[in-house]
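# coordinates only, no sequence provided:
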């Protein structure tokens, strides 16, 4: 049982205004003001990886956290490294670049252009994810990471999606993470093993549940929609004018884009994935992969093969785990004369969609 009594005191200087307030509200005269919390957290009772300390401002969350986990809340060295060049340079020097990019992808920041920018120019949502990745990178195996004011500076949708990506990463890496926040809406997405509410002094263990569903709307769109997504593509902003484009939206916001090209040559007719991008604030929950697979099922419903070539490590890993896709070419360099002859200097992997086909009538209507 983790038990402690936390007392915070401050002097009261008697002034004319202090005397007026005491008189108006019938407050007794005192030399000091104090608040006390008696905390009992039974964290040794069972294994856990994620905890949530939540409550309104002023209920003592930060004060209790600083008393219980002072070292885990000391992020000074991590914050200093954020001033070193671009994002990837902020991570420990002994980390290989493959591990850095894997960790950034796992917390939902899968946009290589963002990795090469200074931390200060990123959006608040991107900074939020970088900070989480950096804190985990600096934690020892099985160590504890405590984040005060968790998700307080980001949009609530960004906070929810980021919480899901974070929780998955924490459990995969075998870390312990405690979020300290005034926002109740992250609980369903963070899926903590326990929740402590200082305002009521209530502690409760939780069972893991499924995260809230994400229902996206998919429509065919004009190529002009690419402008919103182009800065976040991992290659470049070029886009073929002949591509057929699709847009996914969630909660009436555009979140992901996918475009496809015909594949010319002998053999069965086929379509090739051209560009698929999810906006950084919505990465980490599989929206881009869901959009890509849906469009692939549309082509299959119309009698086309759906092919995809990618160099992004996160997408390659996701496709390898996904039974809807079959790898047709292991990561390798393209050879002269290949349909992807431009990819002779970077590893790419080829996939074919082998999942169910969309109903032809629906596929034609959407197209």
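Alright, I've got the coordinates. Model, not experiment: these values are computed from the prediction.
# OK, contacts around residue 217?
Neighbour list for residue 217: 248, 249, 250 [criterion: CB atoms under 8 Å, 6 or more residues apart in numbering]. To be clear about C-beta, it is placed using only N, CA and C from the backbone, and glycine gets the same treatment.
# again with residue 192
Going by CB under 8 Å, 6+ apart, residue 192 touches 50, 51, 52, 179, 206.
# out of those residues, who's nearest residue 135?
Closest approach between the contacts of residue 192 and residue 135, by CB to CB: residue 179, at 11.3 Å.
# number of nearby residues for that closest one?
27 (other CB atoms under 10 Å).
# you'd agree it is up against residue 186?
Yes - using CB atoms under 8 Å, residue 179 makes contact with residue 186 at a distance of 6.8 Å.
# about what we covered before: among the contacts of residue 217, which are in helices?
Per DSSP state H, helices hold no members of those.
# distance check, the nearest residue to residue 348 once chain neighbours are set aside against residue 112.
Distances taken as CB to CB, 6 or more residues apart in numbering place residue 311 nearest to residue 348, at 4.6 Å, with adjacent residues excluded. Computed as CB to CB, to the nearest Å, the residue 311 to residue 112 distance reads 10 Å.
# intersection of neighbour lists for the two?
Counting by CB under 8 Å, 6+ apart, the common neighbours of residue 311 and residue 112 are residue 234.
# just to revisit the earlier point, what is the nearest of the contacts of residue 192 to residue 347?
Of all the contacts of residue 192, residue 347 sits closest to residue 50, with 34.3 Å by CB to CB.
# next up, phi/psi of that closest one, please.
phi -130, psi 130 (degrees, to the nearest 10).
# look up how far residue 229 lies from it.
Between residue 50 and residue 229 the distance is 32 Å, computed by CB to CB.
# now swap in residue 317 and tell me
Remark: distance between residue 317 and residue 229 (CB to CB) = 21 Å.
# which one's more surrounded, those two?
Between residue 317 and residue 229, counted using other CB under 10 Å, the more crowded position is residue 229 (22 against 14).
# that one and residue 258 touch, don't they?
No - contact criterion CB under 8 Å: residue 229 and residue 258 do not qualify, at 9.5 Å.
# who touches both of the two?
Counting by CB under 8 Å, 6+ apart, the common neighbours of residue 229 and residue 258 are 275, 277.
# now residue 48, nearest residue through space, not along the chain?
Using CB to CB, 6+ apart and skipping residues adjacent in sequence, the residue nearest residue 48 is residue 193, 3.8 Å away.
# where do the helices of the stretch 101-250 of the chain begin and end?
Ranges of helices in the stretch 101-250 of the chain, per DSSP state H, counting those that start in this stretch, are 112-115, 124-138, 156-173, 187-190, 226-229.
# for residue 219, find the nearest of those helices.
Residue 219 sits nearest to helix 226-229 of all the helices of the stretch 101-250 of the chain, at 14.4 Å, using CB to CB.
# so where is the stretch 201-350 of the chain shaky, pLDDT-wise?
For the stretch 201-350 of the chain, the stretches flagged by pLDDT under 70 are 235-236, 265-266, 334-346.
# try it again with 50
341 (pLDDT under 50).
# hmm, back to that, any idea which of the helices of the stretch 101-250 of the chain gets closest to residue 305?
It is, among the helices of the stretch 101-250 of the chain and with distance given as CB to CB, helix 226-229, at 24.0 Å.
# now the closest one: buried residues?
Across helix 226-229, burial judged by 16 or more other CB atoms under 10 Å covers 226, 229.
# stretch 96-109 now?
Buried-residue list, stretch 96-109, by 16+ other CB under 10 Å: 100, 101, 103, 104, 105, 106, 107, 108, 109.
# run the chain-centre distance for that stretch.
In terms of CA atoms, centre = their mean, to the nearest Å, the centre of stretch 96-109 is found 11 Å from the chain centre.
# got it, and stretch 28-46?
34 Å.
# which outside residues touch it?
Residues contacting stretch 28-46 (CB under 8 Å, 6+ apart): 1-12, 14, 22, 51, 60, 63-64, 68, 193-194, 196, 198, 201, 203, 205.
# got it, and stretch 348-364?
Outside of stretch 348-364, the residues within contact range by CB under 8 Å, 6+ apart are 293-294, 296-302, 305-311, 316, 319, 323-334, 340, 366.
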